[in-house]
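Visitor: Dropping the sequence and predicted coords here.
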Amino acid sequence: MRTLSIAFMTAALALTPNVAPAQRAFTPARTSDGQPDLQGMYTRNGVVGLEAKPPVNPIDPGGSNPLSVSNRGDGLGPYPKVFGEGGTALRGGQRGAGQQHRTGIVDPPDRNLPWRPEEDAKRREFLLHMNPPVDLRHVELNARCALPGLFQGEDNNNPYQFLQEAGEVVILYDYNHTSRVIHLDGRPHLGSNIRLFMGDSIGRWEGNTLVVDTTNFNDRTSYSREIPYLTAALHTVERFTINDANSIDYEVTIDDPGLFTKPWKTAGYFTRVPKGTESLEFACAEGSQTLLNIFGPPPGR
Amino acid sequence: MKLFVGMAVLGSLAGAFPLWAHHAFAAEFDVNMPVSVKGTITKVEWVNPHAWLYVDVKDADGKVVNWRFELGPPNALFRLGWKKDSIAAGTEVAITGFRAKAQETVANGRSIILPDGRELFSGGSGPGSAGPGPAQNDRK
């Protein structure tokens, strides 16, 4: 426990407001094949955000929603403040003073997404059937232990480990033990008949920015609980910019002509996690009881 | 006490910070079925995507029923100050939570009170489970 407490205190010091002068342009180390070195364990922050006018989400009700436990009047709602505001987020180290970061939907700036009206109506209707889920299709993808795609690997909880080999960048997700291999060797995308949860990623370096183009998604990924599915037409372009020794800025252009009339962008950032943070075993299908809890045991069991 | 040192430091770090999780609370557990039981721990499963706590509870007829309480993911519990051996089998506990929609003896754990009065928060997907704090929504 002492080790744990020290880890928290170390994190507390790392999160103390930084009053040092703004940092100069950061020059990262290089890997053996000449890539800017971004290797390490990070937490992701702020990538999944809300639209300006999100639909009511019945599986994830906010404080004013009658479905929220927060509204109970019998004392079984939130705890009183004892240790300050609660929360168990995995927090990374502090960025340099004066550095701004962008999170959530950043383009369009007003966060009104360019939905095709008929598709917006369909997803709002879809959400209405998620609580209780009318069938397996209306159980959120993560709860089914589906691989999380680019967006559902969790912000602020399960860390991401970046590794670099000659000609590739590998991202290991703690969440559901997913991995992405981003090929830098100039290969073309896979044939269009191959569809993947994590897509097919090819990348290149532009200075300190890793630009990743991903296609070949299947139709079983999502952006958020409010945008519970994306289509197989999804095409993303991500920009991972090494910001300083502790952080990577992240921006992704989401082009899904199956749902939207034009591309939009969301942003966030990665920060290094406290030393000693490790990835834990994540056998999702074996450990999850979600489907039993929603639908009950199968007949005869 | 050491447990609470960790929790206090954590409290100083954290703002209201909704977390994501493998599943939403409301689709799986029922806000209208709060659960409060006392019993004996039989097993702790320290697994992803959620840890599980098994508790033998005597029902009104004296029959022992094994309840299962969902906790948070192991990494969230660790950050709350839990360790796998924080609660040994045989420990008498009082647990509150919310029942699963389709299983009578399964619930989402909210807090666990130990024999010496200490309270552990579950780190689970329900509001308040992440420890003392203001009203958070169910996103966890």
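Guide: Yep, that arrived. Numbers count the residues shown, from 1 in each chain, chains lettered A, B, ... in the order given.
Visitor: Show me what the host helix or strand of B:Phe78 is packed against.
Guide: Using DSSP states H and E, B:Phe78 maps to helix B:74-80. Packing partners of helix B:74-80 (3 or more Cβ pairs under 8 Å, 6 or more residues apart in numbering or on different chains; DSSP states H and E): helix B:2-13. C-betas here are computed from N, CA, C, even on glycine.
Visitor: Over the helix or strand just after the helix it packs on, what's the mean pLDDT, rounded is fine.
Guide: Counting by DSSP H and E, the element after helix B:2-13 in chain order, helix or strand, is helix B:25-28. Summarised as a single mean, pLDDT over helix B:25-28 is 84.
Visitor: In which helix or strand does the residue of chain B positioned farthest from its centre reside?
Guide: Going by Cα atoms, centre = their mean, the residue of chain B most distant from its centre is B:Asp61, 25.9 Å out. Secondary structure assignment for B:Asp61, by DSSP H and E: no helix or strand.
Visitor: Look up how far B:Gln103 lies from it.
Guide: Applying Cβ to Cβ, to the nearest Å, the value for B:Asp61 to B:Gln103 is 20 Å.
Visitor: now do A:Gly167
Guide: 49 Å.
Visitor: Neighbour count: the two, which is higher?
Guide: B:Gln103 (19 against 13; other Cβ atoms under 10 Å in any protein chain shown).
Visitor: remind me which residues of chain A are low pLDDT?
Guide: A:1-24, A:60-89, A:93-99, A:301 (pLDDT under 70).
Visitor: hey, where'd the helices end up in it?
Guide: A:2-14, A:117-128, A:284-287, A:290-295 (DSSP state H).
Visitor: Now the shortest one: buried residues?
Guide: Across helix A:284-287, burial judged by 16 or more other Cβ atoms under 10 Å in any protein chain shown covers A:Cys284, A:Gly287.
Visitor: ok, residues contacting that helix?
Guide: Contact partners of helix A:284-287, identified using Cβ atoms under 8 Å, 6 or more residues apart in numbering or on different chains, comprise A:Cys145, A:Asn176, A:His177, B:His22, B:Glu45, B:Val47, B:Asn48, B:Pro49, B:His50.
Visitor: roughly how far apart are the residue farthest from the centre of chain B and B:Gly39?
Guide: Taken as Cβ to Cβ, the span from B:Asp61 to B:Gly39 is 15 Å.
Visitor: Over to A:Phe295?
Guide: 26 Å.
Visitor: before we move on, what about B:Gly117?
Guide: For B:Gly117, the distance to B:Gly39 - Cβ to Cβ - is 17 Å.
Visitor: neighbour count winner among the two?
Guide: Neighbour count, other Cβ under 10 Å: between B:Gly117 and B:Gly39, B:Gly39 has more, with 19 against 6.
Visitor: who's the more buried one bridged to?
Guide: B:Val93 (DSSP bridges).
Visitor: tell me the pLDDT at it?
Guide: 97.
Visitor: quick one: contacts for it?
Guide: B:Val55, B:Asp56, B:Val57, B:Lys58, B:Trp67, B:Glu92, B:Val93, B:Ile95 are the contacts of B:Gly39 under Cβ under 8 Å, 6+ apart.
Visitor: try 6 Å this time
Guide: B:Val55, B:Asp56, B:Val57 (Cβ atoms under 6 Å, 6 or more residues apart in numbering or on different chains).
Visitor: Equivalent analysis for A:Asp255, please.
Guide: Applying Cβ under 6 Å, 6+ apart, the residues near A:Asp255 are A:His235, A:Pro263.
Visitor: A:Asn57 now?
Guide: A:Arg225, A:Glu226.
Visitor: Find the nearest non-adjacent residue to A:Val139, please.
Guide: A:Pro133 (4.6 Å; Cβ to Cβ, 6 or more residues apart in numbering or on different chains).
Visitor: For that neighbour, give the beta-bridge partners.
Guide: Beta-bridge partners, per DSSP bridges, of A:Pro133: A:Met130.
Visitor: I'd say it and A:Ala143 touch.
Guide: No: judged on Cβ atoms under 6 Å, A:Pro133 makes no contact with A:Ala143 at a distance of 8.8 Å.
Visitor: And the two? Which one has more around it.
Guide: A:Ala143 (23 against 20).
Visitor: Lowest mean pLDDT among the helices and strands of chain B, which one is it?
Guide: Ranking every helix and strand in chain B by mean pLDDT, DSSP states H and E puts helix B:2-13 at the bottom, with a mean of 33.
Visitor: quick one, what contacts whichever residue of the stretch 101-250 of chain A sits closest to chain B?
Guide: In the stretch 101-250 of chain A, the residue found nearest to chain B is A:Ala143; the distance is 3.7 Å by Cβ to the nearest Cβ. Counting by Cβ under 6 Å, 6+ apart, A:Ala143 touches A:Thr290, B:His23.
Visitor: What's the separation between the residue farthest from the centre of chain B and chain A?
Guide: Relative to chain A, B:Asp61 is positioned 23 Å away (Cβ to the nearest Cβ, to the nearest Å).
Visitor: Mind pulling up the pLDDT for that residue?
Guide: 92.
Visitor: Could you do B:Arg118 as well?
Guide: Value for B:Arg118, per-residue pLDDT: 81.
Visitor: Next, count neighbours for it.
Guide: The burial count for B:Arg118: 12, using other Cβ under 10 Å.
Visitor: Backbone dihedrals for it, please?
Guide: phi -70, psi 150 (degrees, to the nearest 10).
Visitor: List the beta-bridge partners for B:Val35.
Guide: Here B:Val35, judged by DSSP bridges, has bridge partners B:Gly97.
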